[in-house]
Each structure stands twice: as C-alpha cells, then as structure tokens.
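# sequence plus the predicted model coming up.
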Amino acid sequence: MEQKSVALDVLQQLPVVAGEARRLRMPMAALFAVFALIALGLGAVWPKTYVSHTTVLVQEDNIIQPLMEGRAVATGVVDHSRIAREVIHSRRILAAVLEEGGWLAAKPGPAEQERLAEDLKSSIQVRGGGENLIEISYRDSDPDRTFRVTRMLADMFIAESLAAKERESREAYE
C-alpha cells in the first residue's frame, strides 16, 4: 500500500516539475553547458591509455602420449593462465620486452630496470579466456608500443610453450 502512495505522489508532482523546468529553462541549459564543458575539459587533459589484447589457444594433447601409454606418465597441466602468468612475468621475457619497448635505450641502472620491470608487470594482465584459451592484455600510453609489446608477449609465450613440450617429449623419449 505504501509503495502505491509513493508512486501516486511522484505522478502527482510530475506536472509541477515540468512547469518548473519550463520556467527555469535558461538556468538549466546553462548548468548543462557548464557540466558539458567540464567533461570536455577533463577528457582533453586526461592521459590517454591504449589496451591491446591477444588470445592464445593452448592445446593439451601430447604428441607421444599414445606411444608412451603404460610406460611413462604424461604431465597434465590444468591451470593454463597461472602458468602463462609465470612464464610472461619471468625475468628473461620481461628483459626482452623492456628492450623491445625502448625502456632500456637510456641505459638505466639495475634498480631502475627492476622498477621498470615491476611497472611492466602491473600493466600486463593474463587471464583464462575460456577452456584452453589464455587472454594476454597490455595497457600503455603509446599505441604502437602497446601493440608491439602484446604481440611480443604472445609470441614469447608460444615459443616457451613449444620449448617446454619439446623438452617433455625428449625426456619421455630418453
């Protein structure tokens, strides 16, 4: 009952609100213009950020599994995004990305390189994008570098995954 009376009160007040809006047309238009100009100004000075995403399909099949049935245990990897995060956040890959991204051109010292690597880690996001999919995204203020770094991260992750599969196959063969 109480909700019905509140709804009726609001409906009864609509003609009054409409009349006030007509009466205060110019001040309302001025207020709208001020808010629009503030939003425009903020948009102009706000730092621009670009995000690039890539999705990698992770195949779980093992080449030698049918050959090794009953002889060796094939490793089973379940949490692909966690492994991808560990691989991408490894020191070797981060150093290569820092070089490719141009951050090492000024020859920073070891402490500065470590800070740059931590900043890079915080700009990289790795998450599962579904079954056997990994989404790698990178955020930066330079659109070209954003694209190059994301592509490089995906390429290096794929290369590392292939090398790990090759090592696993070689070990199982031996």
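Happy to help now that I have it.

# ranges for the strands of the protein?
Using DSSP state E, the strands of the chain run over residues 50-57, 124-128, 133-140.

# most packed of these?
Comparing the strands of the chain by mean neighbour count (mean count of other Cβ atoms under 10 Å), strand 133-140 ranks first with a mean of 20. For every residue, glycine as well, the C-beta is placed using N, CA and C.

# hang on, the earlier thing: residue 96 is nearest to which of the strands of the chain?
With respect to residue 96, and counting by Cβ to Cβ, the nearest of those is strand 124-128 at 13.1 Å.

# where does residue 104 fall, phi/psi-wise?
phi -90, psi 0 (degrees, to the nearest 10).

# so how far is residue 145 from it?
13 Å (Cβ to Cβ, to the nearest Å).

# out of those two, which sits in the more crowded spot?
Taking other Cβ atoms under 10 Å, residue 104 and residue 145 do not tie; residue 145 has more neighbours (18 against 14).

# longest helix in this protein, by number of residues?
For the chain, the longest helix by residue count, based on DSSP state H, is helix 143-173.

# next, the angle strand 50-57 makes with that one.
Interaxial angle of helix 143-173 relative to strand 50-57 (axes from the mean of the first three to the mean of the last three Cα atoms, to 10 degrees): 20 degrees.

# tell me which residues in helix 143-173 are buried?
145-146, 148-150, 152-154, 156-157, 160-161, 165, 168-169, 172 (16 or more other Cβ atoms under 10 Å).

# which strands and helices lie in contact with that helix?
For helix 143-173, the contact count by 3 or more Cβ pairs under 8 Å, 6 or more residues apart in numbering; DSSP states H and E identifies strand 50-57, helix 80-88, helix 91-101, strand 133-140 as packing neighbours.

# output stretch 30-37 as PDB, nothing but the C-alphas.
Extracted C-alpha coordinates of stretch 30-37, given in PDB (Å, rounded to 0.1, in the frame of the first residue of the first chain):
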ATOM      1  CA  ALA A  30      23.400  27.000 -18.600                       C
ATOM      2  CA  LEU A  31      24.000  24.300 -15.900                       C
ATOM      3  CA  PHE A  32      24.000  21.600 -18.600                       C
ATOM      4  CA  ALA A  33      26.500  23.600 -20.700                       C
ATOM      5  CA  VAL A  34      28.800  24.100 -17.700                       C
ATOM      6  CA  PHE A  35      28.800  20.300 -16.900                       C
ATOM      7  CA  ALA A  36      29.400  19.500 -20.600                       C
ATOM      8  CA  LEU A  37      32.400  21.900 -20.800                       C
END
